[in-house]
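K.L.:
Kindly return the folded structure for what I paste below:
(one chain, ligands or ions: 1)
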Amino acid sequence: MSSIDTLSFTSDARRVLEDPNLMPLRVRGLGLQCGDTTILQDLDLDLAPQGCTAIMGPNGAGKSMLLKLLHGLIEPSTGDITWGGTVPSAVTARQAMVFQKPVLLRRSVAANVDFVLKTRRKSGTTRDALLAHVGLLHKARDPARRLSGGEAQRLALARALACEPEVLFLDEATASLDPASVKAIEDLILDASAKGIRIIFVTHDIGQAKRLADDVVFLQGGRVAEHSPARSFFSDPRSSAARDYLNGRLVF
Ligand SMILES: Nc1ncnc2c1ncn2[C@@H]1O[C@H](COP(=O)(O)OP(=O)(O)OP(=O)(O)O)[C@@H](O)[C@H]1O
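P.N.:
Just a heads-up that it's a prediction; the model follows:
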């Protein structure tokens, strides 16, 4: 895999590095209701404009829904979300998201990246540089559907990076990958973070959260049970829910 230095994240991502006040996240009284089901309620959260945040919590806690709300893909039922004072739908184009199941076009590997570059080109980053960066240049002409799970996820990440996002959301992006593929994706995430891209990722992988996260938001029952620096979260969690989760006990 080539170094990310071959890519030119010249514009917005660098601006985030230079201006720490650009995109802090502020969430107040957030609620999400689907029919009779309350998915998130009374959720408050403040995230710094830089760094790598893990969102953790038991199945059904609302992690994926929170990510979609922060990215402006769905609207909250109550409360406010602002990125540097701006509503999520106004900054969706400055952000990108990678899902557990890669969302790819039924075209070649190269065409998958070309498609994004055509619609969202900013600084002149080339398709080949992106493919080399994620270790897929040699597969450029292959149909994307023939890629392995780990390769497909790296292509999804290349597509996300092609957007030159200021914020990159990852929803269990390595959940079904082997250890080498997990490491490849984690290295790419760390590279992106070092270049100033704000990372917010959902994971159940405690080792991964320890390797990547600066801070951890722990959700339980649609609320923030704890938001702590990663180091103290793992060594001395404040909430009983996080303690139980980290010790492998069922949390509801
Ligand atoms: N359209 C919907 N209508 C009603 N309930 C929904 C809808 N979509 C999701 N839910 C419920 O919202 C809750 C939170 O879902 P979400 O996918 O955010 O959980 P999660 O924390 O990401 O879980 P997991 O770790 O299992 O992926 C779940 O109980 C889910 O069943």
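K.L.:
does residue 83 really touch residue 25, like I thought?
P.N.:
Yes. Contact status for residue 83 versus residue 25: in contact at 5.7 Å, counting by Cβ atoms under 8 Å. C-betas here are computed from N, CA, C, even on glycine.
K.L.:
So which of those two has more stuff around it?
P.N.:
Neighbours around residue 83 and residue 25, counted as other Cβ atoms under 10 Å, are more numerous at residue 83. The numbers are 25 against 19.
K.L.:
phi, psi of that one?
P.N.:
Dihedral pair for residue 83: phi -110, psi 110, per degrees, to the nearest 10.
K.L.:
For it, give me the pLDDT.
P.N.:
For residue 83, the model assigns a pLDDT of 93.
K.L.:
and if you look at residue 207?
P.N.:
The pLDDT attached to residue 207 in the predicted structure is 95.
K.L.:
in a helix, that's where it is, yeah?
P.N.:
Yes. With DSSP: H, G, I helix; E, B strand; the rest coil as the criterion, residue 207 is part of a helix.
K.L.:
All further residue positions should be reported with the first residue as 35.
P.N.:
Will do, 35 is the new start, and the previous item becomes residue 241.
K.L.:
need the contact list for residue 129.
P.N.:
Contacts of residue 129 were listed using Cβ atoms under 8 Å, 6 or more residues apart in numbering, and they are 105-106, 197, 199-203.
K.L.:
want to throw those into a markdown table with distance to residue 166?
P.N.:
Rendered in a markdown table, the data for the contacts of residue 129 read as follows (distance: Cβ to Cβ, whole Å):
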| residue | distance to residue 166 |
| --- | --- |
| 105 | 27 |
| 106 | 31 |
| 197 | 18 |
| 199 | 19 |
| 200 | 23 |
| 201 | 24 |
| 202 | 19 |
| 203 | 24 |
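K.L.:
Those into TSV, with extra columns for distance to the ligand?
P.N.:
Converted to TSV, those look like this (distance: Cβ to the nearest ligand atom, whole Å):
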residue	distance to the ligand
105	13
106	16
197	23
199	21
200	23
201	18
202	18
203	12
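K.L.:
Can you tell me which of these lies closest to residue 253?
P.N.:
Residue 253 has its nearest neighbour among these in residue 203, at 14.9 Å by Cβ to Cβ.
K.L.:
and the closest one, how many residues sit next to it?
P.N.:
Neighbours of residue 203 under the rule other Cβ under 10 Å: 25.
K.L.:
Equivalent analysis for residue 107, please.
P.N.:
Applying other Cβ under 10 Å, I find that residue 107 has 14 neighbouring residues.
K.L.:
pLDDT score for it?
P.N.:
Looking at residue 107, the pLDDT reads 93.
K.L.:
got it, and the one 3 residues further on?
P.N.:
What the model reports as pLDDT for residue 110 is 96.
K.L.:
mind pulling up the phi and psi values for it?
P.N.:
The phi/psi pair for residue 110 (degrees, to the nearest 10) reads phi -70, psi 160.
K.L.:
Return the residues in contact with it.
P.N.:
Under the criterion of Cβ under 8 Å, 6+ apart, the neighbours of residue 110 are 64-66, 74, 103.
K.L.:
Go through this structure and flag its longest helix.
P.N.:
Across the chain, the longest stretch assigned as helix under DSSP state H is helix 213-228.
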